[in-house]
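K.L.:
Predicted model, plus sequence, below.
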Amino acid sequence: MKKLFCAALLISALFGDESFELNAIKIDIISLIQNKVNLKNIIPQSTPNELAALTLYSQKEAINEHNIILASGKDFVALIDTGYEKTIDELKTALNARALTPEQITHVIITHSHQDHIGGVKALPNAQILVNEKELGFWQEKSSTEGLNIKTFAPNTELINGSGIYAIAAYGHTPGHSVIAFGASGTSEAELFASAQFLFVADIFHAYELQAAAPEVAFVWDHNKADATQARKKVINALKAHKTSFIGTHMPYAKRVKFD
């Protein structure tokens, strides 16, 4: 347990900025709300995992941010995810603080269709909604997409022409869960991971300090826990190999981090 716990604490380094530019695209990491990490939602796979979870999350009030991304380019203003329906006012406030209105959002890239990611789409009337081809059916099983301007994408494709924004498959948390690469180029997953300057890893992590060190730990919302574990390992390995900066939806930070 001690080895696991120490590894988790040492695994990231804060950069300290929430807004930055990549290839003439301004990127804002926006936290809409904070949520407590609930120990009951963690599914350990071993006694050391359990002990580490107890050490990390039952002896203090651990808080996750709830992050989305705003990416503003010459010809587009895109959101990656939209937060909950209950955080639409917070979303509008965040846009207003950046001199934007919901009507000015041209694209919404959905990492996956859980309600805390799609809850604000209907407040963005002019946006084209981009969603993974495998995810759309899962979304439609849970809620209506009527009235939305939806376009599906396949993995390893550029989502907005000339943007350098790509989707990489990270299936398991949901059937079409995707991570989003910025400043990337290429046609294969390996090329995109290698070239990406920043990754939004969505729900790869829910208990970051634990899962970064023990990726086999699952969460109750993982649709396919085995696949989610493999996706988490794949993404962690790529982040370590290429020293890529990243952030996820449910992490203790609203700032870029890196694996040391």
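P.N.:
Done, it's in. Residues are numbered from 1 along each chain as shown.
K.L.:
buried sites along stretch 87-101?
P.N.:
By neighbour count on 16 or more other Cβ atoms under 10 Å, the buried set for stretch 87-101 is Thr87, Ile88, Glu90, Leu91, Lys92, Ala94, Leu95, Leu100. Every residue, glycine included, has its C-beta placed from N, CA and C.
K.L.:
Let me see the contact set for the fifth one.
P.N.:
The one in question is Lys92. Thr101, Pro102, Ala123 (Cβ atoms under 8 Å, 6 or more residues apart in numbering).
K.L.:
Report the rounded mean pLDDT for stretch 106-123.
P.N.:
The average pLDDT for stretch 106-123 rounds to 97.
K.L.:
and what of stretch 49-65?
P.N.:
Stretch 49-65 comes out at a mean pLDDT of 89.
K.L.:
Quick one: distance of it to the chain centre.
P.N.:
Mean-position distance between stretch 49-65 and its chain equals 21 Å (Cα atoms, centre = their mean, to the nearest Å).
K.L.:
Look up how far Phe198 lies from Ile69.
P.N.:
For Ile69, the distance to Phe198 (Cβ to Cβ, to the nearest Å) stands at 9 Å.
K.L.:
and what of Ala127?
P.N.:
22 Å.
K.L.:
hang on, the earlier thing: among the buried residues of stretch 87-101, find me the one that's closest to Val77.
P.N.:
Leu100 (6.5 Å; Cβ to Cβ).
K.L.:
Which single strand of the protein contains the most residues?
P.N.:
Ranked by number of residues, the top strand in the chain under DSSP state E is strand 25-36.
K.L.:
residues in contact with it?
P.N.:
Residues outside strand 25-36 that contact it (Cβ under 8 Å, 6+ apart): 18-21, 61-73, 83-84, 87, 90-91, 94, 98, 163-165, 182-183, 198, 247, 250, 254-256.
K.L.:
Can you flag the buried ones in the residues you listed?
P.N.:
By 16+ other Cβ under 10 Å, the contacts of strand 25-36 give 18, 20, 62, 64-73, 83-84, 87, 90-91, 94, 163-165, 182-183, 198, 247, 250, 254-256 as buried.
K.L.:
Next step: those restricted to helices.
P.N.:
Members of the buried ones among the contacts of strand 25-36 lying in helices (criterion: DSSP state H): Glu90, Leu91, Ala94.
K.L.:
Dump those residues to TSV, plus distance to Ile33 and pLDDT.
P.N.:
Shown next, in TSV, are these (distance: Cβ to Cβ, whole Å; pLDDT from 0 to 100):
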residue	distance to Ile33	pLDDT
Glu90	6	97
Leu91	10	97
Ala94	11	96
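K.L.:
any idea which of those residues is closest to His173?
P.N.:
Closest to His173, out of all of those and judged by Cβ to Cβ, is Leu91, at 22.1 Å.
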